[in-house]
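[1] with the sequence up front, the predicted model follows.
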Amino acid sequence: MKLLTFSLQPFPGEDASGLRIEGTIGRHGNTLSIGCAILGNLSKIAIPSPAELPGRRDRLWEETCLELFLGEKGFERYWEFHLSPAVQRSESATGDGGSRLPREQLREPDAVNRSASGSCR
């Protein structure tokens, strides 16, 4: 699997306080791999403790999480993922008309992993 690297940039006018977010993304067949690391003085942000059981949770964007949007060129539909250091996630998708698909139409992922170093995977 070839992994691409990325570095996220703060919105214009926002102070990142020296924090950086770097990561990797790659695909092999039907498997999407995302790795991210928050670098810098982490005492400036609220990082949730790991959940006892990994799984889905709504409204993760209200806490520290990685938001990922994936779309196909030439289509309006896209998938939205929220990944938390607490090993929780939420996902949603839109159809070609832009309307959200019911959660029941989203397939449960085969695996969600978290590394011991605190990176999201």
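    That came through fine. Note that the structure is predicted; figures quoted are calculated from it, not measured.
[2] got any ranges where this protein has weak pLDDT?
    Residue ranges of the chain with pLDDT under 70: 91, 93, 95-121.
[3] where's residue 33 relative to residue 65, distance?
    As judged by C-beta to C-beta, to the nearest Å, residue 33 and residue 65 stand 18 Å apart. Glycine gets a C-beta too; all of them are placed from N, C-alpha and C.
[4] name the residue in those two with the higher neighbour count.
    When neighbours are counted by other C-beta atoms under 10 Å, residue 33 and residue 65 differ, and residue 65 comes out ahead with 21 against 13.
[5] so the more buried one sits right up against residue 82, yeah?
    Yes - with contact defined as C-beta atoms under 8 Å, residue 65 reaches residue 82; the gap is 4.8 Å.
[6] next, the buried residues of stretch 52-60.
    Using 16 or more other C-beta atoms under 10 Å as the burial criterion, the residues of stretch 52-60 that qualify are 54, 57, 60.
[7] end-to-end on it?
    With C-alpha to C-alpha, to the nearest Å as the measure, stretch 52-60 spans 16 Å from end to end.
[8] and stretch 58-69, by the same measure?
    Stretch 58-69 has an end-to-end distance of 16 Å (criterion: C-alpha to C-alpha).
[9] do the same with stretch 7-20
    7 Å.
[10] distance of residue 24 from residue 5?
    Look at residue 24 and residue 5: by C-beta to C-beta, they are 6 Å apart.
[11] next one: residue 36
    Applying C-beta to C-beta to residue 36 and residue 5 gives a distance of 11 Å.
[12] which neighbours do these two share?
    Any residue near both residue 36 and residue 5 by C-beta atoms under 8 Å, 6 or more residues apart in numbering counts here, and that gives 22-24.
[13] top of these by neighbour count?
    Neighbours here mean other C-beta under 10 Å. Within the shared contacts of residue 36 and residue 5, the largest count is held by residue 23, at 20 neighbours.
[14] what strand or helix carries the closest residue to it other than its chain neighbours?
    Excluding the flanking residues, the one nearest residue 23 by C-beta to C-beta, 6 or more residues apart in numbering is residue 36, at 3.6 Å. Secondary-structure assignment from DSSP states H and E places residue 36 in strand 31-39.
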